[in-house]
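Undergrad: Here you go, sequence then predicted model.
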Amino acid sequence: MQREHGTVIAAHGRHYLVETGGEKLHCVTRGKKSDVAVGDIVDFKRTSADQGVIEKIGERRTLLYRSDQYKSKLLAANLTQLFIVVATEPSFSDDLVSRALVAAEAGGIAAHLVLNKTDVADLLPKARERLALYAGLGYPVHEVSARTSPEATCARLMPLLQGQSTILIGQSGMGKSSLINLLVPDADIATREISAALDSGKHTTTFTRLYQVGDDTAIIDSPGFQEFGLHHLTEGMLERAFREFGPHLGQCRFYNCHHLNEPGCGVLSAVESGRIAAMRHDLYRQLVHESAQTLGY
């Protein structure tokens, strides 16, 4: 049987749904190793009319993943954008937002913040105040209310999604599902189809899935998560992933400065003067610590 090309549109464990020319096939990988991500372009061989084996993963333009000390979790490949969905209520985690931004920077993926539930007027000023830090770093913040202003929400977000491959991530309760249902016609039907094809039954929310919206636009939904480990990033990658560190990196007394407690450090002096937010530097310190544990320093 000859090889065919397709795009991985869903992943559940070591089972994948591959779309090719309007057909969807249930595919597995050879052997135990499973390093296929949603958004991957793959070569596969059919084993039956609607099943196949993935033989090869095409070269990736980008890859977004999170990792703890022991394993990594691929989120999606060939992304151009990351939308971090937060809300006025429940309260969102700054740690999670900042980690997602660091992952995007390190992966060469543009990041946006989407503030949902702006109709909760009494909590809006506080949410805006917290997001001002990220807006000040140059990350666009888009205010929407999926529930009370669906048309305005679509008008705001659809032009940004056009021609892009975008993943939406966020903690549970931020309204990400409502956004997906607005932006992707028939998302529920597609999800049920995918779920049935992967035999994942009731676990419809535990897998990442890609919706093709038009020819050149993909929207990827990922399960809500409360942690975003970045153990795979080295110290050098981390210092470059905090975009506000950039202007200060050449200003340190020591060429091998870690920006933690060295004298004459350009980054630390920017933290002291308020040009770099202490909260962001605290996260950098934490991530360097996590990275060192993983690398076994």
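TA: In hand now; what should we look at? Residues are numbered from 1 along each chain as shown.

Undergrad: Quick one: residues contacting residue 276.
TA: Applying Cβ atoms under 8 Å, 6 or more residues apart in numbering to residue 276 gives the contacts 242, 244-245, 248, 267, 270. C-betas here are computed from N, CA, C, even on glycine.

Undergrad: Switch those over to CSV; also include neighbour count, pLDDT and secondary structure.
TA: Output for the contacts of residue 276, formatted as CSV (neighbours: other Cβ atoms under 10 Å; pLDDT from 0 to 100; DSSP: H, G, I helix; E, B strand; the rest coil):
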residue, neighbour count, pLDDT, secondary structure
242, 24, 98, coil
244, 18, 97, helix
245, 20, 97, helix
248, 19, 97, helix
267, 26, 98, helix
270, 19, 98, helix
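
Undergrad: Tell me the one of those nearest residue 286?
TA: residue 242 (12.1 Å; Cβ to Cβ).

Undergrad: I'd guessed that closest one sits against residue 282; true?
TA: No - Residue 242 is beyond contact range of residue 282, at 11.4 Å (criterion: Cβ atoms under 8 Å).

Undergrad: And residue 72, how close does it get to residue 277?
TA: Distance, residue 72 to residue 277, by Cβ to Cβ, to the nearest Å: 28 Å.

Undergrad: whoops, residue 251 was the one
TA: Distance check for residue 251 against residue 277: by Cβ to Cβ, it reads 18 Å.

Undergrad: Buried residues, stretch 174-186. List them.
TA: Within stretch 174-186, the residues scored as buried using 16 or more other Cβ atoms under 10 Å are 174-184.

Undergrad: how distant is that stretch from the center of its chain?
TA: Centre-to-centre, stretch 174-186 and its host chain are 16 Å apart (Cα atoms, centre = their mean, to the nearest Å).

Undergrad: what mean pLDDT does that stretch have?
TA: For stretch 174-186, mean pLDDT is 92.

Undergrad: swap in stretch 282-294?
TA: pLDDT averaged over stretch 282-294 gives 91.

Undergrad: Pull that stretch out as PDB, backbone CA atoms only.
TA: Extracted in PDB, the C-alpha atoms of stretch 282-294 (Å, rounded to 0.1, in the frame of the first residue of the first chain):
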ATOM      1  CA  ASP A 282      10.200  35.500  40.500                       C
ATOM      2  CA  LEU A 283       8.800  33.200  37.900                       C
ATOM      3  CA  TYR A 284      12.100  33.200  36.000                       C
ATOM      4  CA  ARG A 285      13.800  32.200  39.200                       C
ATOM      5  CA  GLN A 286      11.300  29.400  39.700                       C
ATOM      6  CA  LEU A 287      11.700  28.100  36.100                       C
ATOM      7  CA  VAL A 288      15.500  28.100  36.300                       C
ATOM      8  CA  HIS A 289      15.200  26.100  39.500                       C
ATOM      9  CA  GLU A 290      12.900  23.600  37.700                       C
ATOM     10  CA  SER A 291      15.100  23.400  34.700                       C
ATOM     11  CA  ALA A 292      18.200  22.700  36.900                       C
ATOM     12  CA  GLN A 293      16.300  19.800  38.700                       C
ATOM     13  CA  THR A 294      15.400  18.200  35.300                       C
END
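
Undergrad: Fine by me, we can end here.
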